[in-house]
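A.B. asks: Pasting the sequence and the predicted model now:
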Amino acid sequence: MRIGLFTNNYRPLVNGLATSVESFAQAFRRAGHDVTVVAPRYPGGCPPEPGVLRVPGVRAPTHHAYVLPMAWWPGVGSAVAALQLDVFHAQHPLLLGTAAARWARRSKRPLVFTYHTHYDRYAHYVPGPSRVVGRLAVRQAVAFANHADLVIAPAPAVARVLSVHGVKTPVSIVPTGVALPAGSGNTSRMEVRQALGLGEGAPLCLSVGRLAREKNQGFLLSAFALILKDLPAARLVLVGEGDDRPRLERLTRVLGIGGRVRFVGAVLHEAVGDYYRAADLFLFPSTSETQGIVVLEAMAADLPVVAVASDAAADLLGDGRGGILTPEEPAPFARSVVELWGQPERRQAMGMAGRQITAAYAPDACAAKLLGLYEELIRVSRAVPARVRVIRPREA
(Lines give C-alpha, C1' and ligand atoms only; values in the text may rest on other atoms or scores of the structure.)
Protein backbone atom coordinates (compact mmCIF):
# COMPACT_ATOMS: atom_id res chain seq x y z
CA MET A 1 0.00 0.00 0.00
CA ARG A 2 0.93 3.62 -0.50
CA ILE A 3 -0.01 5.35 2.75
CA GLY A 4 -0.06 9.08 3.47
CA LEU A 5 0.08 10.29 7.09
CA PHE A 6 -0.89 13.98 7.27
CA THR A 7 0.18 15.72 10.46
CA ASN A 8 0.55 19.31 11.67
CA ASN A 9 3.08 18.16 14.31
CA TYR A 10 6.21 16.17 13.54
CA ARG A 11 9.86 15.95 14.40
CA PRO A 12 11.91 17.84 15.44
CA LEU A 13 8.99 18.52 17.81
CA VAL A 14 8.86 16.06 20.68
CA ASN A 15 5.28 15.28 21.71
CA GLY A 16 2.87 12.38 21.85
CA LEU A 17 1.28 12.97 18.47
CA ALA A 18 4.62 13.18 16.66
CA THR A 19 5.68 10.00 18.47
CA SER A 20 2.49 8.27 17.36
CA VAL A 21 2.97 9.20 13.71
CA GLU A 22 6.59 8.09 13.77
CA SER A 23 5.72 4.80 15.48
CA PHE A 24 3.12 3.86 12.88
CA ALA A 25 5.26 5.04 9.96
CA GLN A 26 8.19 2.88 11.04
CA ALA A 27 5.98 -0.16 11.66
CA PHE A 28 4.26 0.21 8.27
CA ARG A 29 7.64 0.36 6.56
CA ARG A 30 8.83 -2.73 8.41
CA ALA A 31 5.74 -4.45 7.03
CA GLY A 32 6.83 -3.53 3.48
CA HIS A 33 4.52 -0.59 2.75
CA ASP A 34 5.34 2.73 1.09
CA VAL A 35 4.71 5.49 3.65
CA THR A 36 4.92 9.26 3.24
CA VAL A 37 4.57 11.58 6.22
CA VAL A 38 3.27 14.97 5.09
CA ALA A 39 4.32 17.47 7.76
CA PRO A 40 5.33 21.11 8.31
CA ARG A 41 8.75 22.50 7.53
CA TYR A 42 10.14 24.09 10.68
CA PRO A 43 12.24 27.26 11.04
CA GLY A 44 15.88 26.62 10.35
CA GLY A 45 15.03 24.11 7.68
CA CYS A 46 14.68 20.36 7.79
CA PRO A 47 17.21 18.15 6.00
CA PRO A 48 15.75 15.96 3.26
CA GLU A 49 14.32 12.76 4.73
CA PRO A 50 13.18 9.68 2.84
CA GLY A 51 9.44 9.27 3.12
CA VAL A 52 8.77 12.79 4.46
CA LEU A 53 7.17 15.58 2.42
CA ARG A 54 7.67 18.93 4.12
CA VAL A 55 5.12 21.71 3.64
CA PRO A 56 6.01 25.42 4.07
CA GLY A 57 4.36 27.15 7.00
CA VAL A 58 4.34 30.10 9.38
CA ARG A 59 4.98 30.13 13.10
CA ALA A 60 1.90 29.65 15.28
CA PRO A 61 1.37 32.99 17.04
CA THR A 62 0.19 31.44 20.33
CA HIS A 63 2.18 28.23 20.66
CA HIS A 64 5.90 27.80 21.25
CA ALA A 65 7.82 26.13 18.39
CA TYR A 66 4.74 25.10 16.37
CA VAL A 67 4.19 25.85 12.69
CA LEU A 68 0.96 26.27 10.74
CA PRO A 69 1.49 24.41 7.43
CA MET A 70 0.21 26.05 4.26
CA ALA A 71 -1.20 23.20 2.18
CA TRP A 72 -2.19 25.61 -0.59
CA TRP A 73 1.46 26.55 -1.22
CA PRO A 74 2.36 26.15 -4.91
CA GLY A 75 3.57 22.66 -5.68
CA VAL A 76 2.26 20.94 -2.54
CA GLY A 77 -0.91 19.57 -4.13
CA SER A 78 0.93 18.26 -7.18
CA ALA A 79 3.59 16.65 -4.96
CA VAL A 80 0.87 14.83 -3.02
CA ALA A 81 -0.91 13.78 -6.22
CA ALA A 82 2.36 12.34 -7.54
CA LEU A 83 2.48 9.97 -4.54
CA GLN A 84 -0.62 8.15 -5.88
CA LEU A 85 -1.70 7.29 -2.35
CA ASP A 86 -4.07 4.43 -1.63
CA VAL A 87 -5.20 5.87 1.70
CA PHE A 88 -5.09 9.34 3.27
CA HIS A 89 -4.77 9.34 7.06
CA ALA A 90 -5.33 12.74 8.72
CA GLN A 91 -4.08 13.28 12.24
CA HIS A 92 -5.92 16.62 12.67
CA PRO A 93 -9.23 18.12 11.54
CA LEU A 94 -7.57 21.34 10.33
CA LEU A 95 -4.76 22.53 8.06
CA LEU A 96 -3.11 19.42 6.59
CA GLY A 97 -6.08 17.39 7.80
CA THR A 98 -8.49 19.51 5.78
CA ALA A 99 -6.17 19.31 2.79
CA ALA A 100 -5.91 15.53 3.12
CA ALA A 101 -9.71 15.27 3.04
CA ARG A 102 -9.84 17.38 -0.12
CA TRP A 103 -7.09 15.39 -1.84
CA ALA A 104 -8.66 12.06 -0.78
CA ARG A 105 -12.02 12.98 -2.30
CA ARG A 106 -10.38 14.31 -5.45
CA SER A 107 -8.50 11.03 -5.94
CA LYS A 108 -11.47 8.90 -4.78
CA ARG A 109 -9.43 7.30 -2.02
CA PRO A 110 -10.50 6.63 1.58
CA LEU A 111 -9.96 9.17 4.34
CA VAL A 112 -9.05 8.01 7.86
CA PHE A 113 -8.99 10.40 10.83
CA THR A 114 -7.40 9.73 14.23
CA TYR A 115 -9.03 11.66 17.07
CA HIS A 116 -5.81 12.32 18.98
CA THR A 117 -6.89 15.29 21.06
CA HIS A 118 -9.56 16.47 23.47
CA TYR A 119 -9.81 19.74 21.57
CA ASP A 120 -11.82 21.59 24.20
CA ARG A 121 -8.92 21.22 26.65
CA TYR A 122 -6.59 23.15 24.34
CA ALA A 123 -8.89 26.10 23.76
CA HIS A 124 -6.64 28.46 25.74
CA TYR A 125 -4.25 28.53 22.77
CA VAL A 126 -6.85 30.33 20.65
CA PRO A 127 -7.86 33.95 21.32
CA GLY A 128 -11.36 34.28 22.70
CA PRO A 129 -13.45 32.86 25.55
CA SER A 130 -12.05 29.38 26.19
CA ARG A 131 -15.42 27.76 26.81
CA VAL A 132 -16.85 29.04 23.52
CA VAL A 133 -13.66 28.23 21.60
CA GLY A 134 -13.62 24.73 23.09
CA ARG A 135 -17.21 24.01 22.02
CA LEU A 136 -16.53 25.26 18.50
CA ALA A 137 -13.33 23.18 18.27
CA VAL A 138 -15.15 20.00 19.27
CA ARG A 139 -17.98 20.76 16.86
CA GLN A 140 -15.53 21.25 14.00
CA ALA A 141 -13.62 18.04 14.86
CA VAL A 142 -16.85 16.04 15.00
CA ALA A 143 -17.97 17.43 11.64
CA PHE A 144 -14.62 16.44 10.15
CA ALA A 145 -14.91 12.96 11.67
CA ASN A 146 -18.35 12.54 10.12
CA HIS A 147 -16.90 13.25 6.67
CA ALA A 148 -14.19 10.59 7.06
CA ASP A 149 -14.58 6.97 6.03
CA LEU A 150 -13.20 5.70 9.33
CA VAL A 151 -12.29 7.29 12.66
CA ILE A 152 -9.53 5.87 14.83
CA ALA A 153 -9.81 6.22 18.61
CA PRO A 154 -6.52 5.61 20.45
CA ALA A 155 -8.32 4.28 23.54
CA PRO A 156 -11.76 2.98 24.61
CA ALA A 157 -12.54 6.18 26.50
CA VAL A 158 -12.07 8.22 23.32
CA ALA A 159 -14.50 5.98 21.43
CA ARG A 160 -17.09 6.63 24.14
CA VAL A 161 -16.51 10.39 23.92
CA LEU A 162 -16.92 10.31 20.14
CA SER A 163 -20.26 8.54 20.51
CA VAL A 164 -21.45 11.15 23.02
CA HIS A 165 -20.34 13.97 20.71
CA GLY A 166 -22.39 12.55 17.83
CA VAL A 167 -19.80 10.93 15.58
CA LYS A 168 -21.70 8.67 13.17
CA THR A 169 -18.74 7.45 11.14
CA PRO A 170 -17.56 3.96 12.18
CA VAL A 171 -14.97 4.10 14.95
CA SER A 172 -12.20 1.55 15.55
CA ILE A 173 -9.97 1.50 18.60
CA VAL A 174 -6.31 1.32 17.59
CA PRO A 175 -3.80 2.54 20.18
CA THR A 176 -0.37 3.81 19.29
CA GLY A 177 2.16 1.03 19.65
CA VAL A 178 4.62 1.70 22.45
CA ALA A 179 8.06 0.34 23.27
CA LEU A 180 10.52 1.51 25.88
CA PRO A 181 12.88 4.06 24.26
CA ALA A 182 16.28 2.45 23.87
CA GLY A 183 18.22 5.15 25.71
CA SER A 184 21.64 6.48 24.78
CA GLY A 185 23.23 3.05 25.12
CA ASN A 186 26.25 4.30 27.04
CA THR A 187 24.73 5.69 30.26
CA SER A 188 23.91 3.50 33.25
CA ARG A 189 21.11 4.01 35.77
CA MET A 190 23.62 5.09 38.41
CA GLU A 191 25.33 7.55 36.07
CA VAL A 192 22.03 9.29 35.35
CA ARG A 193 21.19 9.44 39.04
CA GLN A 194 24.62 10.80 39.91
CA ALA A 195 24.29 13.47 37.23
CA LEU A 196 21.06 14.50 38.95
CA GLY A 197 22.83 14.63 42.31
CA LEU A 198 21.02 11.57 43.61
CA GLY A 199 22.27 8.33 45.18
CA GLU A 200 20.77 4.88 44.77
CA GLY A 201 18.62 4.90 47.91
CA ALA A 202 16.74 8.19 47.46
CA PRO A 203 13.35 8.26 45.69
CA LEU A 204 13.59 9.57 42.13
CA CYS A 205 10.18 10.62 40.79
CA LEU A 206 9.90 11.14 37.04
CA SER A 207 7.40 13.00 34.88
CA VAL A 208 7.69 13.17 31.09
CA GLY A 209 5.73 15.56 28.91
CA ARG A 210 5.53 18.92 27.26
CA LEU A 211 5.52 21.72 29.82
CA ALA A 212 2.11 23.21 29.19
CA ARG A 213 -0.91 24.29 31.15
CA GLU A 214 -3.05 21.38 29.96
CA LYS A 215 -0.40 18.90 31.15
CA ASN A 216 -1.01 19.96 34.76
CA GLN A 217 2.58 20.11 36.01
CA GLY A 218 1.64 22.97 38.34
CA PHE A 219 -0.55 20.53 40.25
CA LEU A 220 2.33 18.05 40.34
CA LEU A 221 4.69 20.61 41.88
CA SER A 222 2.15 21.41 44.60
CA ALA A 223 1.77 17.70 45.35
CA PHE A 224 5.55 17.19 45.36
CA ALA A 225 5.96 19.93 47.97
CA LEU A 226 3.79 17.76 50.23
CA ILE A 227 5.71 14.60 49.32
CA LEU A 228 8.92 16.24 50.51
CA LYS A 229 7.50 16.64 54.00
CA ASP A 230 7.58 12.85 54.39
CA LEU A 231 10.34 12.02 51.91
CA PRO A 232 12.83 14.90 52.17
CA ALA A 233 15.45 13.04 50.12
CA ALA A 234 13.10 12.69 47.13
CA ARG A 235 13.79 14.41 43.82
CA LEU A 236 11.46 15.21 40.93
CA VAL A 237 12.75 15.22 37.36
CA LEU A 238 10.66 16.84 34.62
CA VAL A 239 11.66 15.76 31.11
CA GLY A 240 10.20 18.01 28.44
CA GLU A 241 10.08 21.60 27.25
CA GLY A 242 7.30 24.08 26.64
CA ASP A 243 5.84 27.53 27.05
CA ASP A 244 4.86 26.91 30.67
CA ARG A 245 8.41 26.35 31.90
CA PRO A 246 9.05 29.89 33.23
CA ARG A 247 5.84 29.79 35.28
CA LEU A 248 6.65 26.33 36.63
CA GLU A 249 10.18 27.37 37.59
CA ARG A 250 8.77 30.35 39.47
CA LEU A 251 6.32 28.05 41.21
CA THR A 252 9.14 25.84 42.50
CA ARG A 253 10.69 28.90 44.11
CA VAL A 254 7.39 30.00 45.62
CA LEU A 255 6.88 26.51 47.05
CA GLY A 256 10.46 26.40 48.32
CA ILE A 257 11.30 23.21 46.39
CA GLY A 258 13.60 24.62 43.71
CA GLY A 259 16.57 22.55 44.90
CA ARG A 260 14.55 19.33 44.74
CA VAL A 261 13.17 19.69 41.21
CA ARG A 262 15.21 19.33 38.03
CA PHE A 263 13.96 20.66 34.68
CA VAL A 264 15.87 18.58 32.13
CA GLY A 265 14.36 20.25 29.07
CA ALA A 266 13.78 18.68 25.67
CA VAL A 267 15.33 15.23 25.23
CA LEU A 268 15.41 13.14 22.07
CA HIS A 269 12.77 10.44 22.34
CA GLU A 270 15.23 7.55 22.38
CA ALA A 271 17.30 9.21 25.11
CA VAL A 272 14.27 9.45 27.42
CA GLY A 273 14.84 5.75 28.08
CA ASP A 274 17.82 6.66 30.28
CA TYR A 275 15.52 8.60 32.61
CA TYR A 276 12.89 5.87 32.75
CA ARG A 277 15.56 3.37 33.80
CA ALA A 278 16.99 5.71 36.42
CA ALA A 279 13.65 6.50 38.10
CA ASP A 280 11.79 4.76 40.90
CA LEU A 281 8.28 6.14 40.39
CA PHE A 282 6.44 7.69 37.47
CA LEU A 283 4.07 10.56 38.24
CA PHE A 284 1.38 11.49 35.73
CA PRO A 285 -0.71 14.59 36.48
CA SER A 286 -2.28 15.22 33.05
CA THR A 287 -6.03 14.86 32.50
CA SER A 288 -5.96 15.99 28.85
CA GLU A 289 -4.53 12.84 27.24
CA THR A 290 -6.35 10.49 24.88
CA GLN A 291 -3.95 7.56 25.41
CA GLY A 292 -1.07 8.43 27.73
CA ILE A 293 1.89 7.15 25.70
CA VAL A 294 4.41 8.16 28.37
CA VAL A 295 2.53 6.10 30.96
CA LEU A 296 2.92 3.04 28.78
CA GLU A 297 6.61 3.80 28.25
CA ALA A 298 7.09 4.06 32.00
CA MET A 299 5.26 0.78 32.55
CA ALA A 300 7.48 -0.86 29.93
CA ALA A 301 10.41 0.23 32.12
CA ASP A 302 8.88 -1.57 35.15
CA LEU A 303 7.99 1.72 36.81
CA PRO A 304 4.95 1.87 39.11
CA VAL A 305 2.71 4.81 38.23
CA VAL A 306 0.79 7.30 40.35
CA ALA A 307 -1.65 9.21 38.15
CA VAL A 308 -4.44 11.72 38.49
CA ALA A 309 -7.67 9.92 37.65
CA SER A 310 -8.75 10.58 34.05
CA ASP A 311 -10.34 8.57 31.28
CA ALA A 312 -6.98 7.85 29.64
CA ALA A 313 -5.30 6.87 32.91
CA ALA A 314 -8.26 4.68 33.86
CA ASP A 315 -7.99 2.79 30.56
CA LEU A 316 -4.43 1.82 31.53
CA LEU A 317 -4.53 1.67 35.33
CA GLY A 318 -8.17 1.10 36.18
CA ASP A 319 -7.60 -2.35 37.62
CA GLY A 320 -4.85 -1.08 39.94
CA ARG A 321 -2.27 -3.61 38.81
CA GLY A 322 0.20 -1.22 37.21
CA GLY A 323 -0.37 1.88 39.31
CA ILE A 324 -2.60 4.05 41.44
CA LEU A 325 -5.28 6.54 40.42
CA THR A 326 -5.89 9.49 42.74
CA PRO A 327 -8.21 12.50 42.80
CA GLU A 328 -6.87 15.74 41.36
CA GLU A 329 -5.99 16.97 44.82
CA PRO A 330 -2.39 17.44 46.04
CA ALA A 331 -2.84 15.77 49.44
CA PRO A 332 -4.26 12.39 48.23
CA PHE A 333 -1.77 12.31 45.37
CA ALA A 334 1.15 12.96 47.72
CA ARG A 335 -0.12 10.41 50.22
CA SER A 336 -0.28 7.74 47.50
CA VAL A 337 3.33 8.41 46.50
CA VAL A 338 4.59 8.31 50.07
CA GLU A 339 2.71 5.11 50.89
CA LEU A 340 3.86 3.41 47.70
CA TRP A 341 7.48 4.30 48.40
CA GLY A 342 7.17 2.55 51.74
CA GLN A 343 5.94 -0.66 50.06
CA PRO A 344 8.83 -1.97 47.94
CA GLU A 345 7.19 -5.33 47.26
CA ARG A 346 4.07 -3.60 45.97
CA ARG A 347 6.17 -1.35 43.77
CA GLN A 348 7.94 -4.37 42.34
CA ALA A 349 4.63 -6.15 41.67
CA MET A 350 3.24 -3.06 39.93
CA GLY A 351 6.34 -2.81 37.78
CA MET A 352 6.00 -6.43 36.67
CA ALA A 353 2.27 -6.01 35.99
CA GLY A 354 2.92 -2.84 34.02
CA ARG A 355 5.32 -4.61 31.72
CA GLN A 356 2.72 -7.33 31.10
CA ILE A 357 0.08 -4.69 30.29
CA THR A 358 2.33 -3.01 27.72
CA ALA A 359 2.76 -6.30 25.83
CA ALA A 360 -0.66 -5.63 24.27
CA TYR A 361 0.72 -2.39 22.78
CA ALA A 362 3.52 -3.83 20.64
CA PRO A 363 4.08 -1.37 17.75
CA ASP A 364 3.94 -3.97 14.99
CA ALA A 365 0.72 -5.51 16.36
CA CYS A 366 -1.01 -2.12 16.56
CA ALA A 367 0.20 -1.28 13.06
CA ALA A 368 -1.05 -4.62 11.73
CA LYS A 369 -4.55 -3.88 12.98
CA LEU A 370 -4.54 -0.46 11.33
CA LEU A 371 -3.21 -1.94 8.09
CA GLY A 372 -6.09 -4.41 8.10
CA LEU A 373 -8.55 -1.53 8.39
CA TYR A 374 -6.83 0.32 5.55
CA GLU A 375 -7.07 -2.75 3.34
CA GLU A 376 -10.80 -3.12 3.97
CA LEU A 377 -11.39 0.56 3.25
CA ILE A 378 -9.46 0.34 -0.01
CA ARG A 379 -11.37 -2.77 -1.06
CA VAL A 380 -14.72 -1.12 -0.38
CA SER A 381 -13.71 2.19 -2.00
CA ARG A 382 -12.85 0.41 -5.22
CA ALA A 383 -16.15 -1.42 -5.27
CA VAL A 384 -18.62 1.25 -4.08
CA PRO A 385 -18.97 4.97 -5.00
CA ALA A 386 -17.66 7.21 -2.24
CA ARG A 387 -21.05 8.75 -1.34
CA VAL A 388 -22.66 5.40 -0.55
CA ARG A 389 -19.85 3.57 1.22
CA VAL A 390 -20.73 1.59 4.32
CA ILE A 391 -17.77 0.44 6.42
CA ARG A 392 -18.34 -1.89 9.34
CA PRO A 393 -16.60 -0.68 12.52
CA ARG A 394 -14.14 -2.85 14.39
CA GLU A 395 -13.18 -2.55 18.01
CA ALA A 396 -10.60 -4.14 20.26
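C.D. replies: Everything's here; your move. Numbering: from 1, shown residues only.
A.B. asks: what about the helices in the stretch 251-396 of the chain?
C.D. replies: 272-278, 293-300, 311-317, 330-341, 344-358, 363-383 (DSSP state H, counting those that start in this stretch).
A.B. asks: Which one, of those, ends up nearest to residue 207?
C.D. replies: When the helices of the stretch 251-396 of the chain are compared by C-beta to C-beta, helix 293-300 sits nearest residue 207, at 8.3 Å. Where C-beta positions appear, they are placed from N, C-alpha and C, glycine not excepted.
A.B. asks: now the angle between helix 344-358 and that closest one, please.
C.D. replies: For helix 293-300 and helix 344-358, the angle between their directions (axes from the mean of the first three to the mean of the last three C-alpha atoms, to 10 degrees) works out to 120 degrees.
A.B. asks: circling back: out of the helices of the stretch 251-396 of the chain, indicate the one that is most buried.
C.D. replies: Of these, the one with the most neighbours on average (mean count of other C-beta atoms under 10 Å) is helix 293-300, at a mean of 26.
A.B. asks: Just name whatever secondary elements that one is in contact with.
C.D. replies: helix 16-30, strand 204-208, helix 272-278, strand 281-284, strand 305-308, helix 311-317, helix 344-358 (3 or more C-beta pairs under 8 Å, 6 or more residues apart in numbering; DSSP states H and E).
A.B. asks: How about residues contacting that helix?
C.D. replies: 16, 19-20, 176, 178-181, 206, 208-209, 272, 276, 279, 282, 284, 305, 307, 312-313, 316-317, 322-323, 351, 354-355, 357-358, 361 (C-beta atoms under 8 Å, 6 or more residues apart in numbering).
A.B. asks: ok, back up a step: any chance of the helices of the stretch 251-396 of the chain in a markdown table, plus mean pLDDT and distance to residue 5?
C.D. replies: What follows is the helices of the stretch 251-396 of the chain, written out as a markdown table (pLDDT from 0 to 100; distance: least, C-beta to C-beta, whole Å):
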| stretch | mean pLDDT | distance to residue 5 |
| --- | --- | --- |
| helix 272-278 | 93 | 22 |
| helix 293-300 | 96 | 16 |
| helix 311-317 | 94 | 22 |
| helix 330-341 | 98 | 36 |
| helix 344-358 | 96 | 23 |
| helix 363-383 | 95 | 11 |
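A.B. asks: Please convert these to TSV, extending it with distance to residue 62.
C.D. replies: What follows is the helices of the stretch 251-396 of the chain, written out as TSV (distance: least, C-beta to C-beta, whole Å):
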stretch	distance to residue 62
helix 272-278	27
helix 293-300	24
helix 311-317	24
helix 330-341	29
helix 344-358	35
helix 363-383	32
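A.B. asks: and the residue nearest to residue 147 when sequence neighbours are not counted, how many neighbours does it have?
C.D. replies: With C-beta to C-beta, 6 or more residues apart in numbering as the criterion, residue 147 has its nearest non-adjacent residue at 6.3 Å, and that residue is residue 101. Number of residues near residue 101 (other C-beta atoms under 10 Å) recorded here: 19.
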